[in-house]
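Participant: Whatever this is, show me its structure:
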Amino acid sequence: MHFANNEFADSATDGKGPEWKGLSPAGKALVQQAVKLGIVIDQSHASDAVFDDLIAMMPVPFVLSHSSARAIHNHPRNLDDTRLRALAKAGGVIQVNAYGGYLIDAPKSDARSEAEGVLMQQIGGRWDTLDMQQGAALAQGLERIDQSYPQRRATLEDFFAHLEHLLAVAGPEHVGIGLDWDGGGGLADLRDVSQLPKITAWLLRKGYTEQQIAGIWGGNLLRVMRQAQDYAARQGG
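Facilitator: Residues are numbered from 1 along each chain as shown. The predicted structure follows:
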């Protein structure tokens, strides 16, 4: 369900609209099997109705590995406040994304869209099936396109607006970082791991403790993984 509905569930971004109104029967069976095996479910890219199905049926928390706040930018890949609170109540984690299209409204010009289409034809792949060599060619090509058809890029300030909202609504025990760098993510002023301390410095300035920051940087996700695996072990999975 990366960009389109599949046999298991509806996507958040399929232009045809919902097919299953959440999880399909096969999707529900798949989730039940994943729970039995101690596998963590990731709801990012799935629809709101899928989220609601997971809340209703899962005995353990799940995650959104790279999503942001719909209250800050109204995009179907982001989560609204009501569901943020439900996620926190269920013990889950949402990891804020660094993909600009999910952080800000930055529409593409027709010329840029056409240039991106030509680039993908030259690479010989699709956005969701690129290998490492194609991904490197895509990054180089997009840099050339940026020079010819500049587009507003999301910044750390935009990223922090989403992060601050998620922390305020869900709480620091239910928030993480999921930058999506291998899927097109990246900010104008956050391009590689050498700049990640900027996020930690911001969290410290906001008054979060070292323990809370450690949770945001992975501890919260590890806790959900342990809960999934412990539950499966208790059930004999």
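Participant: Find the nearest non-adjacent residue to Glu164, please.
Facilitator: Lys206 (7.4 Å; C-beta to C-beta, 6 or more residues apart in numbering). Where C-beta positions appear, they are placed from N, C-alpha and C, glycine not excepted.
Participant: Could you tell me which ranges of this protein sit under the pLDDT cut-off?
Facilitator: 127-128, 183-184, 237 (pLDDT under 70).
Participant: mind checking how far the most centrally placed residue in it is from Ala46?
Facilitator: Among the residues of the chain, His66 comes closest to the average C-alpha position under C-alpha atoms, centre = their mean, at 1.6 Å. His66 sits 12 Å away from Ala46, going by C-beta to C-beta, to the nearest Å.
Participant: Likewise for Leu166?
Facilitator: 18 Å.
Participant: And these two? Which one has more around it.
Facilitator: Leu166 (30 against 27; other C-beta atoms under 10 Å).
Participant: where's that one, which helix or strand?
Facilitator: Element membership for Leu166, per DSSP states H and E: helix 156-170.
Participant: Could you list every helix and strand in contact with that helix?
Facilitator: Applying 3 or more C-beta pairs under 8 Å, 6 or more residues apart in numbering; DSSP states H and E, we find helix 156-170 packed against helix 81-89, strand 93-96, helix 100-103, strand 175-177, helix 197-205.
Participant: which of those is buried the deepest?
Facilitator: Most buried of the helices and strands packed on helix 156-170, by mean neighbour count (mean count of other C-beta atoms under 10 Å): strand 93-96, with a mean of 27.
Participant: sorry, back to before: can you redo the helices and strands packed on helix 156-170 as JSON lines with distance to Phe8?
Facilitator: Output for the helices and strands packed on helix 156-170, formatted as JSON lines (distance: least, C-beta to C-beta, whole Å):
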{"stretch": "helix 81-89", "distance to Phe8": "20"}
{"stretch": "strand 93-96", "distance to Phe8": "21"}
{"stretch": "helix 100-103", "distance to Phe8": "22"}
{"stretch": "strand 175-177", "distance to Phe8": "24"}
{"stretch": "helix 197-205", "distance to Phe8": "33"}
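Participant: and Phe3, which of those is closest to it?
Facilitator: Closest approach to Phe3 among the helices and strands packed on helix 156-170 (C-beta to C-beta): helix 100-103, 12.1 Å.
Participant: if I pick Asp80, what's in contact with it?
Facilitator: 48, 70-71 (C-beta atoms under 8 Å, 6 or more residues apart in numbering).
Participant: swap the cut-off to 10 Å and go again
Facilitator: 48, 51, 69-71, 74, 86, 169 (C-beta atoms under 10 Å, 6 or more residues apart in numbering).
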